[in-house]
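# Predicted model and sequence below, questions to follow.
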Amino acid sequence: MDTAAPDASAGLVFREATDTDVDTLVALIESAYRGDSSRAGWTTEADILEGQRTDPEGVLAVIKSPDSRLLTVERDGRVVACCQLEHRGTHAYFGMFAVSPALQGAGLGKVIIAEAERQARETWGATEMHMTVISVRDDLIAWYERRGYRRTGRMTPFPYGDERFGIPQRADLQFELLVKALA
């Protein structure tokens, strides 16, 4: 799951999402995290959360926010990945990261996160990248740690009862803040 193919970036086109991308991006994000389709990749949350991961309103809000962009990644004219970048003063927030389950494990995620970090540095002068990850996602946190992110131990509660974020299948979910200094 962590070996980058030498050509992982071949043929990739990075662009900002537009309103017309909303349905495609919702489908991509859902496929990477929820339901049986997500089990084809390694980023699935299907065992800890049911229901939706996002919705059209949430994706559109990111696209429309003046301090945010939804970076969309295409290969051969097809959307294969996305991530949110949000300007928050001296740091940027990285979220809504999804790679098509069929393409996970081939190094595409490494290429995308590196591009997101580059854009945050160059566009906003961000000195750090922040993200939150569900604290029980050990494999995913380890992947981010190999990319230079560090666990902070700073936790925020999972929004239990708000089905816009999914239906928890366990009672111990919370988000941990991960941080990386951007050189």
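Sure thing, it's come through. Residues are numbered from 1 along each chain as shown.

# and the longest strand for the chain?
strand 78-88 (DSSP state E).

# Tell me the buried residues in it?
Neighbour-count burial for strand 78-88, counted by 16 or more other Cβ atoms under 10 Å, picks out 79-87. The way it works is simple: take the backbone N, C-alpha and C, and place the C-beta from them, glycine included.

# Farthest pair within those residues?
Distance extremes for the buried residues of strand 78-88: the farthest pair is Val80 and His87 at 24.9 Å, using Cβ to Cβ.

# which residues in the chain form helices?
22-33, 35-38, 56-64, 108-124, 138-146 (DSSP state H).

# Go through those and find the least confident stretch.
Lowest mean pLDDT within the helices of the chain: helix 35-38, a mean of 85.

# Counting by contacts, list what that one packs against.
Here helix 35-38 touches helix 22-33, going by 3 or more Cβ pairs under 8 Å, 6 or more residues apart in numbering; DSSP states H and E.

# Please enumerate residues in contact with the helix it packs on?
17, 37-38, 41, 43-46, 49, 52-56, 59-60, 63, 70, 72, 79-82, 96, 98-101, 104 (Cβ atoms under 8 Å, 6 or more residues apart in numbering).

# and if you look at stretch 166-183?
By Cβ under 8 Å, 6+ apart, stretch 166-183 touches 34, 45, 47-53, 91, 117, 120-121, 126-136, 141, 144-145, 147-158, 160.
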